[in-house]
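*Asks:* Kindly return the folded structure for what I paste below:
(chains A and B)
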Amino acid sequence: MKIYSFLFILILTFNFSSFAETDEEIGLKIAKEAYESTRGYIDSTSEQLMILIDPKGNEVIREISGKNLENMDPDDGDKSLIFFNKPKDVEGTVMLSHTHVNDDDDQWLYLPALGRVKRISSSNKSGAFMGSEISFEDFSGLDYRKYDWKYLGEENYEGEVCYKLESYPKYENSGYTKRIGLTDELLRARKIEYYDRKGDLLKTIYFEDHKLYNDAIWFADTFRVVNHQNDNSTIYKWENRQLNIGLNKKDFEKSSLMRLAD
Amino acid sequence: MIEYLFKRKILIFFLVLLFHTSHINALDFKAYGFIQPESSIYINGDGKHNQDNYNTSLFGKGTFISYLQEGDAKFTISAIGRYDQNDDELSYLDFQKFKYEYYFDDIALKVGNEIVFWGVNETFNIVDIINQSNLAEDIAGTKKLGQPMASISYSQDYGIFDIYLMPYFRERPFSGKEGRPRLLFEVDKNSITYESSAKKRKMDFALRYSAVIEDLDIGLSHFYGNNRTPVLSPNPSTLKFDSHYPILSQTGVDIQATKGPWLYKLESVSAKDGSERHLSAAGGIEYTYYGIRNTQSDLGVIVEYVFDDRNDNPFNNEGVIGLRWSLNDIKSSSLLAGYLFDMRGNSNRFQAEFEQRVNDDLKLFFDISLNGSIDNADFTYQFKEDSSLTIKLAKYF
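*Replies:* Numbers count the residues shown, from 1 in each chain, chains lettered A, B, ... in the order given. Just a heads-up that it's a prediction; the model follows:
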């Protein structure tokens, strides 16, 4: 079905152009269609590997495994569980997030050393995730509801025609002021440039290893993040990603953290 | 040395359970842990009890988790232990977790040793009562002993009910003659009395309701059983402390409101301890500045206060101001520092913990504990000359 999305967008674009639709409206339509093409996964599990690389080329490994639950409420965000495996000193730690579209998320952390579940502040969605160049905010960066959009035209990227979209976060605690991204004809994000709170170019995320899951949903299995200010980079890989496997909704509640931990 | 609660029968029960379930499905398990050599220097010389100025110790923790019956059941062992150079009372092995859990849709059943934490505060955890504190490890009581229990948990959209039955009581460990810090006298393990005629076989009981309502995390709890904190009284003939464990009936409430970078916390208990009724409340505020000075580092400020209407309670009118600085760097460097003060007297203490990862499986810890001016009537006066610096290096496996 998604194969027709491209045509659909072309028609939309054509139609809206001819009816003098604004660049903001075209941008929003493309972003919305792109986001909706990633929906319907119901739930998912995956192993995630991060390679943190400093400017000298030194590498550090991080490993987590994740579970996600899609939220069918059009005004709310998904739920996720992160199980920390490496570095070994955080093994056994589990984080539960109930994400919200333009508000702080709800987050709880299970700390095995104290046998304690803590509700933590989440107004820092833009902080470094496990010392990497990716932030929590970036994981939901394709959610069109979080941004105002503007269509900037077409641009060739790696031999393909892409839509160039500018977006501005609506969330007041966002770490960014602006993003400029390229979305290809299959509505897959290919790269996004992020501008920091001062308006300077901060980093670029390249979305790579696109894979079609369950014959329906494209996911990029690699995020390559390059920080232009400190020259660090992060390679973030998803492995063994499985969709629609019938996870228990109750696993995504605070009371399940201890049962899922130790 | 170890007060051992696992009778052979219970152990066999667990092993039978484990192998009975595991030979049907492939054994899916996780195991991890660490060993941690530690070395302390006491900077006030020999101190009040003429003790060694140096101490080395080896601490370790191991966790084994086996997922059974396609995730419907779980078996966990988590043990901590220490070998201490100077103090035999500090050398111990404890099964913090040794439990079997089974999950139905809304109901979870659990039998065995478990650590259960109640409450929201960083420093004054007055609601937390299920587990005995290992005071030999840590006079703040953050290290717990595994509590044998059978528990049932019932979860609904409007909250969770937990019921705990605790058939065996664990006496509080204190540091021995060579332990630092230590009390004025040793605690006599042969002179322990209980209000309950069943003594340590008294069936303790606890109930908790907890819920998340948007920004609020709330808990209501009731506990009836042997108080985890004994009354210590010096015995003139043995020159040791006799301990008495009264029966405690305690109702508690804990609430945390999470409003962006602000956390508001409150805990309160009303309790009947032996024949005496008392009221206690503790709470505070935590605020975090994110990305200070355009770096990745965060600075949290914590202010907490505890009130207790018992004048003789060591924590009846105390405050703490703490700072938590997380660099959010590759080494996860962080510093936690706290200044504790008695608002009625002049006593104060300073504590700080710095930690930094060395590489993937090594982490360095540096702790400072400084006692300032302490009133000689204060409970902590006996620790006054035990200011220390401690270095720890954890090797994870």
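
*Asks:* pLDDT of the host helix or strand of residue B:59, averaged?
*Replies:* Using DSSP states H and E, residue B:59 sits in strand B:54-68. Mean pLDDT, strand B:54-68: 95.

*Asks:* elements contacting that strand?
*Replies:* helix B:8-22, strand B:28-42, strand B:73-84 (3 or more C-beta pairs under 8 Å, 6 or more residues apart in numbering or on different chains; DSSP states H and E). No exception for glycine: its C-beta is placed from N, CA and C like everyone else's.

*Asks:* what angle separates the last one from strand B:28-42?
*Replies:* In this structure, strand B:73-84 runs at an angle of 20 degrees to strand B:28-42, with axes from the mean of the first three to the mean of the last three C-alpha atoms, to 10 degrees as the basis.

*Asks:* Off-centre distance for strand B:73-84?
*Replies:* Once both centres are worked out by C-alpha atoms, centre = their mean, to the nearest Å, strand B:73-84 turns out to sit 15 Å from its chain's centre.

*Asks:* tell me which residues of it are tucked away?
*Replies:* Neighbour-count burial for strand B:73-84 flags B:73, B:74, B:75, B:76, B:77, B:78, B:79, B:80, B:81, B:82, B:84 (criterion: 16 or more other C-beta atoms under 10 Å in any protein chain shown).

*Asks:* What residues sit buried inside stretch B:334-346?
*Replies:* B:334, B:335, B:336, B:337, B:338, B:339, B:340, B:341, B:342.

*Asks:* helix/strand/coil for the third one?
*Replies:* Under the three-state scheme (DSSP: H, G, I helix; E, B strand; the rest coil), the conformation of residue B:336 reads as strand.

*Asks:* rewinding a little: what strands line up against the strand holding residue B:59, and which way round?
*Replies:* Within its sheet, strand B:54-68 is paired with strand B:28-42 (antiparallel), strand B:73-84 (antiparallel), according to DSSP bridges.

*Asks:* could these be laid out in a markdown table, adding mean pLDDT and distance to residue B:100?
*Replies:* Shown next, in a markdown table, are the strands paired with strand B:54-68 (pLDDT from 0 to 100; distance: least, C-beta to C-beta, whole Å):
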| stretch | mean pLDDT | distance to residue B:100 |
| --- | --- | --- |
| strand B:28-42 | 95 | 14 |
| strand B:73-84 | 95 | 5 |
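
*Asks:* Of all those strands, which one comes closest to residue B:392?
*Replies:* strand B:28-42 (4.4 Å; C-beta to C-beta).

*Asks:* which stretches of chain B have low pLDDT?
*Replies:* B:1-27 (pLDDT under 70).

*Asks:* Give me the distance from the strand holding residue B:59 to the chain's centre.
*Replies:* 15 Å.

*Asks:* May I have that strand exported as PDB, CA atoms only?
*Replies:* Taking Å, rounded to 0.1, in the frame of the first residue of the first chain, the C-alpha atoms of strand B:54-68 are listed here in PDB:
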ATOM      1  CA  TYR B  54      43.200   2.100  57.800                       C
ATOM      2  CA  ASN B  55      40.800  -0.500  56.600                       C
ATOM      3  CA  THR B  56      40.600  -2.600  53.500                       C
ATOM      4  CA  SER B  57      37.600  -4.600  52.500                       C
ATOM      5  CA  LEU B  58      36.300  -6.600  49.600                       C
ATOM      6  CA  PHE B  59      32.600  -6.200  48.500                       C
ATOM      7  CA  GLY B  60      30.800  -8.100  45.800                       C
ATOM      8  CA  LYS B  61      27.400  -8.600  44.300                       C
ATOM      9  CA  GLY B  62      26.100 -11.200  41.900                       C
ATOM     10  CA  THR B  63      22.700 -11.500  40.200                       C
ATOM     11  CA  PHE B  64      21.300 -14.500  38.400                       C
ATOM     12  CA  ILE B  65      17.900 -14.200  36.800                       C
ATOM     13  CA  SER B  66      16.100 -17.100  35.100                       C
ATOM     14  CA  TYR B  67      13.000 -16.500  33.000                       C
ATOM     15  CA  LEU B  68      10.700 -19.500  33.000                       C
END
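
*Asks:* in that strand, what's buried?
*Replies:* B:55, B:57, B:59, B:60, B:61, B:63, B:64, B:65, B:66, B:67, B:68.
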